[in-house]
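K.L.:
Need coordinates for the following:
(2 chains)
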Amino acid sequence: MNPDLRREREAAAFQSELLTHVLDGGAERTSRRREIEALVLNDPEFQHEDLNFLSRSQRYEVAIRKSALMVMKLREYGIADPDEIYWFKSICLGTCVGPLNLHFSMFTHTIENQGTVDQREKWLPLACGLQIIGTYAQTEMGHGTHLRGLETTATYDPATQEFILNSPTVTSIKWWPGGLGKTSNHAIVLAQLYTQGQCKGLHAFIVPIRQLGTHEPLPGITVGDIGPKFGYDEMDNGYLKMDNFRIPRENMLMKYAKVEPDGTYVKPLSDKLTYGTMVFIRSIIVGDSARSLSRACTIAIRYSAVRHQSELKPGEPEPQILDYQTQQYKLFPLLATAYAFHFVGAYMKETYLRITGDISEGDLSQLPELHALTAGLKAFTSWIANAGIEECRMACGGHGYSRCSGLPDIYVTFTPSCTYEGENTVMMLQTARFLVKCYAQVSSGQLVSGMVSYLNDLSGQRIQPQQVAARPTTVHINDPASLVEAYKVRASRLVEAAAKNLQGELNRRESKEDAWNRTSVDLVRASEAHCHYVVVKLFTAKLSEISDAAVRAIMTNLCLLYALHGISKHTGDFLQAGILTDAQVTQVYQHVKDLLAVIRPNAVALVDSFDFHDSHLGSVLGRYDGNIYENMFEWAKKSPLNKTEVHESFHKHLKPMQAKL
Amino acid sequence: MAPTRYLRSSASRDVNPDLDIERKTPSFDVEKLTTILDGGAENTRVRRAVEAVIHSDPVFSREDKYFLSQNESYEAAVKKAVHLKKMMHQMKWSWAGSECKYCNRALGGEVAFTLHNIFMESILALSTDEQTAKWIPLAENYRILGSYAQTELGHGTYIRGFETTATFNISTQEFVLNTPKISAMKWWPGDLGRSATHTVVFAQLYIKGKCYGVHPFIVQIRSLHDHSPAPGVTVGDIGPKMDFNHIDNGYLLLQDVRVPRENMLSRFCEVLADGTYVKRGSEKINYFNMIIIRVKMLSNEVVPTLMKACTIAIRYSVVRRQSELMPGDQEAKILDYQTQQQKLLPVLAIAYAFHFMNEYMNELFSKGYREIKQKNFDSLPELHAFSSGLKAIVTEHSTAGVETCRKACGGHGYSLLSGLPSLYTRLAASCTYEGENTVLLLQTARFLVKCLGAARSGQPVPPSVAYLSAVNSERCLVRDKRDLLQPDVYVEAYRHVAIRVLSSAAAKLQALVQSGAEQHEAWHQCTVQLVHAAKAHCHYHVVKSFAEAVEKLGQEAGIQRIMKHLCGLFALHGIFSNTGDFLHDGYISGDQVDMMTASYLDLLAIVRKDAVPLVDAFDFTDETLNSALGSYDGHVYRRLYQWARKSPSNTKQANQVYENYLKPLFQNGLSKL
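P.N.:
Numbers count the residues shown, from 1 in each chain, chains lettered A, B, ... in the order given. Got it, this is the predicted structure:
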């Protein structure tokens, strides 16, 4: 092991293993996770060449091979618990994206949730046995998050009892679904249902797209890959164009809405039920934000402990770059953020499981808040993680730019989560809509509950609501609980300001939508402040659950760093609302720097606790043993340009040029 | 891409009506603004002529760019470079002339041998007349291909830390070059891995056991006969990167590689035959050349890349319709959403701000160059500090701006066919090359702290920091949101913050020293604050130079009006994003912040109307943009579909995976599982 890293690990003030247990939810779970990971890591069948040196088509091939193998092995080992499946998949795929992912998630889940008993009996065994591979085709070239705008049509023909599917315009071509281009032979297609001459809105249909046996597209189907992307090289995101393509009536998923053989449409009972899947997927993205940022932090912090550069003190050896305050200032707040998001992700998952219990018993009362919270937190965490990964990459200087660092790959794989499953700005505005509604409720004298209950504090001051802003609060900058209060006041002030600006616009304009649009910058700020408060609150709440004193101490410092750094980046909000004075802001800046020095000796141990295996990190810079330079050289030798000592371009282009001139 | 004819006038093209209507009523003369951006109508003419030549030549087509592997990209870049040399020879264009600059713009920089020019420039700057006479003709005629090997695996910006050695051997009159350990390998230099035959190697010079520091040596690394590596040389490509995969960034390992004494570039230092080390002249001029590279990079690469991203994102945002603003109406253009305006229009303002900043800096450098030619080096520290800080903030904001544009295009911005990911990945490198940004900002800060001390003790200070001598104003006095649009009001606000942040960093530094900390330790403790101070200083200058440039546009009322709006947008966006700095000591009040926000949002709506003409004025050809989303005609979806269908993943042989993996899976699926 690199001596710098060894020293760092020895000097930590806590045992990184104990913190790993906290992250996993207990020591037993950590050891079970490692057992499962070992099944993959010790299996030669899962070995493959470094993806960085492969073409897109080769990468796709590796991913298909691995996905297929993964399915077989999962069954072979009899792994069935959802968490265990997740662990197995993560380590199997490593840095790869799986073209079969949508088959196992959206395709089968949608049939399970929206299919009738008959439909489930027919399709699920085929899907589970991989006799068919499906995907979920919702997004079109011209429409994404705004579902009502989708243009694909499914027109019912009672004569033949079939639906006729059409892509009437270029913009209506299904575009982006993963696994659609090359892999799938079926797709769940979302289309506007027309029956008896009327449009009944979006519904889901199971559509066969390729011939079983030959895999050729069926007549009336045009399907293909949408071409190269920023990342997701292994994924065949696809397009799908349908021309008078007919499917039997039974292929419409009819658990809720139905079309009778004569074309009569039967309405669903509640349209909120489909929220469930969205909430679930968005809460997963929160967890992904945490994991992706953690990986980036692991790489950047280990590298910064190994890299030496320049001088701090004249005449002394070059220090580790992690000793520079500016480097700490780049990386440690991100490390704190990664931990914060881990706890938020865990909370979201628990809440989802708790509330789905209620939902299955018919209680939908908590769904609006959960929906609003997941939308906002999905956007909040993915935006911040997205920027944070790039900061980690740039903190590694030139070498961060090489694919060998693994950082470009983490970024390009993670960044689409700002857009998919709901574009982030739209998500923030959904949260804002909920916040404004709660504010209105409070203003009319009703109380609200849950994470927004702080708005109730406004009710006593309805006559002079601006007092909220001016309310004297004594913030203790060393106390996480006091900082939670500060964030709370900030959120309530910004929600109130946005709601009032909206009211002002509404008084001046005819259209509600126009007024909303003219307030949307304020509304997004309010949502961000709300989410920021929730994150600080959840991080703080987690501290008391940590039993080991040394671990709790370092986590308390990280929590403080997270909260104070957030304040230092938004001092305007805290100053304008009178939550902090100029002098306190100056103290906050200083305290952030003091905390950097406290975190410094523990930084490597803190990233070790994430417990990423080297093969999962996929980074030469982030290797556990820290032997970076020699391995960069080994890696580079494998570059495709180095296949021959003299590149063929020399013979083809250079030599003729030199001869001519 | 269908080989679109090279056409400019919208009348002759079938334009998407949603885009066309945006061009009907610009508030200013678009063509005139283009000539202003080009620095005169003659430049616009030359640029367009060069673009016409390049785009009509099929060898320069970039149609398949997004589908190439690393090997193919490299080969395409070499092929284009060779062809370009031939063409430049025929057209009698010089490599230092403006045509060459415009060729590069038209080609999006996707040609090999860019380091060959740096190789020649460094020889011109660092060699004696005899050395120039020997090497330059060889390089000009491509008898040899050069690179420039400075960065090592273990050391980048910190040049003194380089570990490569060049030891003088008196008996053979040679330097013996060595890479003593892995971290000393040269790593990253462009064109080094596969193309170059020669390179300038920077190494620690040793004579009779004594180290004289880092010096440049010309080293032959490949045979001129069969291109195989020279004896003792291990050279290769460093592998795939985030971008620049058309360039063979290389590694170089030297084991007892001998070069004659004459191969040390000796304009400033020479080793005599007996091993005597002689220093002569001032290296400062050489230093100046390094700064010039930085400045050129900003105006030739960084800012145009940001402008391209704005062009693509803004054109797409008036073609893309989504959701409703008025119930029952057609879906709205996404640029009509305030949140979309707030993402894109400040970035557009940044692009213009940086353009005018570059012009200002170029003037400053021309003046500096005249002085330096007369051996007056007084302005050098200022030019160095100024260009360092600006390089850092221009690359940082431009990189972030391009990514904002990409993300503002939603899912389609993630497709390489949008052109945006490549713009980002190209630009992202600029934050670390030519000086790591944080290091550069701290260099600026060091200069500022020194000047602040001088200013306070009444000594004269250079012009860019003269504002430090004035008394800082205490309060912003505006009472109405319209007053916030007055340039003197916001320029003053930025000035106030720049002085306050620098003063408080300097005070902290002094307090630490007075309490007994050593100077270097105190400096270290304050670096986060000092970086903040350097950024505030640069931000102030960008706002100020933009406001001054607007002032000078008096001849063109329409252009001046819209530029004033953009300048206000740039300034107020900076305040809006960072209100704490302005509120901190009560310079502006909470009420003024609210006014400022209102003013800022008003400006978004005003600039929105001219958004498309403002990006049209950048005058990028479709071939240069190479984007399915950003073409002049706005036929976004049609083009996206056409381009996607040409992807290699849609050819027949791509179905091998089905035969190899999926078919067995389907057939044996159940029995195996």
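K.L.:
Domain boundaries for chain B, per the record?
P.N.:
Following the TED database, one gets these domains for chain B: B:21-112, B:119-130+B:142-280, B:288-465+B:483-617.
K.L.:
End to end on the second one, go ahead and measure it.
P.N.:
Read that as domain B:119-130+B:142-280. 22 Å (CA to CA, to the nearest Å).
K.L.:
likewise the shortest one?
P.N.:
Using CA to CA, the end-to-end distance of domain B:21-112 comes out at 41 Å.
K.L.:
picking up where we left off before, want to try TSV for the domains of chain B, with mean pLDDT and mean neighbour count as columns?
P.N.:
The C-beta positions use only the backbone N, C-alpha and C, and glycine is treated the same way. Shown next, in TSV, are these (pLDDT from 0 to 100; neighbours: other CB atoms under 10 Å in any protein chain shown):
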stretch	mean pLDDT	mean neighbour count
domain B:21-112	93	18
domain B:119-130+B:142-280	95	20
domain B:288-465+B:483-617	95	21
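K.L.:
Output those as a markdown table; include the columns distance to A:L543.
P.N.:
As requested, the domains of chain B are exported to a markdown table (distance: least, CB to CB, whole Å):
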| stretch | distance to A:L543 |
| --- | --- |
| domain B:21-112 | 48 |
| domain B:119-130+B:142-280 | 38 |
| domain B:288-465+B:483-617 | 26 |
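K.L.:
Of all the ones you listed, which one is nearest chain A?
P.N.:
Closest to chain A of the domains of chain B is domain B:288-465+B:483-617 (CB to the nearest CB; 2.8 Å).
K.L.:
Endpoint to endpoint, that closest one covers what distance?
P.N.:
33 Å.
K.L.:
how far does that domain sit from the chain's center?
P.N.:
14 Å (CA atoms, centre = their mean, to the nearest Å).
K.L.:
With distance to chain A added, can I get the domains of chain B in CSV?
P.N.:
Converted to CSV, these look like this (distance: least, CB to the nearest CB, whole Å):
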stretch, distance to chain A
domain B:21-112, 5
domain B:119-130+B:142-280, 4
domain B:288-465+B:483-617, 3
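K.L.:
Now do stretch B:532-540: everything it contacts.
P.N.:
The contact list for stretch B:532-540 (CB atoms under 8 Å, 6 or more residues apart in numbering or on different chains) reads B:389-390, B:392-393, B:441-442, B:444-445, B:448, B:465, B:467, B:491, B:494-495, B:497-498, B:501-502, B:505, B:574, B:581.
K.L.:
can you map out the helices along the stretch 551-661 of chain A?
P.N.:
A:571-576, A:582-599, A:603-608, A:614-617, A:628-637, A:648-649, A:655-660 (DSSP state H, counting those that start in this stretch).
K.L.:
which stretches of the stretch 51-200 of chain B form strands?
P.N.:
B:146-149, B:165-169, B:174-178, B:186-187, B:198-207 (DSSP state E, counting those that start in this stretch).
K.L.:
From the contact counts, what lies against the fourth one?
P.N.:
Yep, that's strand B:186-187 we're talking about. strand B:250-254 (3 or more CB pairs under 8 Å, 6 or more residues apart in numbering or on different chains; DSSP states H and E).
K.L.:
What strands flank the strand it packs on, and is each parallel or antiparallel?
P.N.:
According to DSSP bridges, strand B:250-254 forms sheet pairs with strand B:186-187 (antiparallel), strand B:233-237 (antiparallel).
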